[in-house]
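Student: Got a predicted structure here, sequence first:
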Amino acid sequence: MTKKTYAIIAILTILLYASVILYVYGFGVPGEVFGYLFYVIIIVGVIAAVWLLLRRPKTGTD
Amino acid sequence: MKINSIIIAAIAIIASLIFLVFFTASWEMVGWLGLWVYVGIMIAIFGAWIALMTKVGIEKNNLKTIDFALIAMFVALLIVVDFGSMFVPGLTALWLLEIPIAGPLMFYFPLGIVVAAALKLSPKPGAAFTLLFVYGLISQVFFFNPVWLGRSIIGALGIEAYYISSKRGKLLSLVLMGLMFGIMYSVAGLIFQIYSWGFWQPLLITLPEVILDGIMMAVGCFLGFALGDRAKSVMY
C-alpha cells in the first residue's frame, strides 16, 4: 500500500462524513439540496479515486 | 460453503423469527425486561459460538493499518446508506406505503453492497465485528439513543460469528451472510422500534418485510462481492 492509497481513503472518508453532516444539519438550507450536491461530489470523488488507483504504477510490494 | 456457517446462519434466522413472533404477541406483558433478555440471549448465542470457533482454531491474521483505514471508509459509507434519500431525493415517500419495500430497497440492499465489498477487501477475523460495531457507535452521533447500542452489539457479534465460521471472501458465503444478517438485523430493528418508539406492527407486515430485507441484502452482497473483487484487483 502506498501513501497515495491511504490519502485517497482518507479523502473519501472525510467527503462521506461531510456529506452526511451537511445533509443532516443543513446549515439553514434544506438538507436535501446539500445532500444532492454532495452526492454528485461523492460520485466525482469515487471516479477520481478509482482513476488515480488505476493509473498507479504497478511497482513495489507495499 | 462450510457446514458451520450454515448452522450459525440457521440458528440466527430461526432465533430471530421466534423472537419476532414472541415480541409481536406479548411485548406489553414482558415489558423492558423482555427486551434485555432478548439482547442477552442473542449475545450469549453469538458469544458462545465465537468462543467455540476460537477453541476449534481460526487462522491468526490480525487486522493491519490498511484494514482499519478501509473499515473507517466503509463505516462512512454505511452512515451515508442510513440516509437513503441522499441517493435519490424524494424516494423517502416509499416509507409511507403500506407494503414494506422502503427498508429492503433503501437500506438493506445498499447495506449488502457496502458490507460485502468491505469484507471482500478485508477478509480477516475481526473485520466484520469492527465494521458493524464502529458503525453502531458512529450512528449514535446522528441518532443518539444508547438503547439501540444493544442492536449494534447483536449485529456486530452475529456477523462476526457467521464470518469466522464461513469461507471468508467467497461469493456464496457472502450471499448467505446477507440473507442471515438482513433478517437478524431487521428483526432486531423491529423489536427495538416497539420499545423505543412504541411502533408496533402486525406480523402480516413484519414477516414479509424481514424476509424481503434478507433477500435484498443477499442480492446486495452479490453485487458488493463483484465490486470488492474488482477493487481488490486494482488496489493490491
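Tutor: That came through, no problem. Residues are numbered from 1 along each chain as shown, chains lettered A, B, ... in the order given.
Student: so what's the residue of chain A found nearest chain B up against?
Tutor: Closest residue of chain A to chain B, CB to the nearest CB: A:L16 (3.6 Å). Using the backbone N, CA and C atoms, a C-beta is placed for each residue, glycine as well. Applying CB atoms under 8 Å, 6 or more residues apart in numbering or on different chains to A:L16 gives the contacts A:I42, B:M73, B:A76, B:L77, B:I79, B:V80.
Student: quick one, what contacts the third one?
Tutor: Taking CB under 8 Å, 6+ apart, we find B:A76 in contact with A:L12, A:T13, A:L16, A:Y17, A:V20.
Student: what about the closest residue to B:I11 other than its chain neighbours, distance to B:W36?
Tutor: Counting by CB to CB, 6 or more residues apart in numbering or on different chains, B:I45 is the residue found nearest to B:I11 once chain neighbours are left out, at 6.5 Å. Distance check for B:I45 against B:W36: by CB to CB, to the nearest Å, it reads 15 Å.
Student: One more: B:S186?
Tutor: Distance, B:S186 to B:W36, by CB to CB: 20 Å.
Student: Give me the more crowded residue out of those two.
Tutor: Remark: of B:S186 and B:W36, B:S186 carries more neighbours, 26 against 14, as counted by other CB atoms under 10 Å in any protein chain shown.
Student: so who does the more buried one touch?
Tutor: With CB under 8 Å, 6+ apart, B:S186 has these contacts: B:G103, B:Y108, B:E209, B:V210, B:D213, B:G214.
Student: Any buried residues in the helix or strand where it lies, and which?
Tutor: Assigned by DSSP states H and E, B:S186 belongs to helix B:171-197. Buried residues in helix B:171-197, counted by 16 or more other CB atoms under 10 Å in any protein chain shown: B:171, B:173-195.
Student: do the same with stretch B:35-51
Tutor: Buried residues in stretch B:35-51, defined by neighbour count with 16+ other CB under 10 Å: B:L35, B:Y38, B:V39, B:M42, B:I45, B:F46, B:W49, B:I50.
Student: cool, stretch B:52-64 as well?
Tutor: Neighbour-count burial for stretch B:52-64 [16+ other CB under 10 Å]: B:M53.
Student: Same question for stretch B:215-227.
Tutor: Applying 16+ other CB under 10 Å to stretch B:215-227 flags B:I215, B:M216, B:M217, B:A218, B:V219, B:G220, B:C221, B:F222, B:G224, B:F225 as buried.
Student: what comes into contact with that stretch?
Tutor: For stretch B:215-227, the surrounding residues in contact (CB under 8 Å, 6+ apart) are B:104-105, B:108-118, B:120, B:171, B:174-179, B:181-182.
Student: again, but for stretch B:20-33
Tutor: B:34, B:37-38, B:187, B:190-191, B:194-195, B:200-203, B:206-207, B:210.
Student: Greatest separation within the residues you listed: which pair is it?
Tutor: Pairwise distances across the contacts of stretch B:20-33 peak at 22.7 Å for B:V37 and B:P202 (criterion: CB to CB).
Student: By residue count, what's the longest helix in chain B?
Tutor: In chain B, assigned by DSSP state H, the helix with the most residues is helix B:3-56.
Student: Quick check: the gap between B:Q201 and chain A.
Tutor: 26 Å (CB to the nearest CB, to the nearest Å).
Student: what's the answer for B:A25, then?
Tutor: For B:A25, the distance to chain A equals 36 Å [CB to the nearest CB].
Student: again with B:G158
Tutor: 25 Å.
Student: Helix or strand: which one has that residue?
Tutor: Using DSSP H and E, B:G158 falls in helix B:149-165.
Student: Distance from that helix to the middle of the chain?
Tutor: 7 Å (CA atoms, centre = their mean, to the nearest Å).
Student: Output the contacting helices and strands for it.
Tutor: Applying 3 or more CB pairs under 8 Å, 6 or more residues apart in numbering or on different chains; DSSP states H and E, we find helix B:149-165 packed against helix B:3-56, helix B:127-142, helix B:171-197.
Student: Make JSON lines from those and add distance to B:Y163 and mean pLDDT to it.
Tutor: As requested, these are exported to JSON lines (distance: least, CB to CB, whole Å; pLDDT from 0 to 100):
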{"stretch": "helix B:3-56", "distance to B:Y163": "8", "mean pLDDT": "93"}
{"stretch": "helix B:127-142", "distance to B:Y163": "4", "mean pLDDT": "93"}
{"stretch": "helix B:171-197", "distance to B:Y163": "7", "mean pLDDT": "94"}
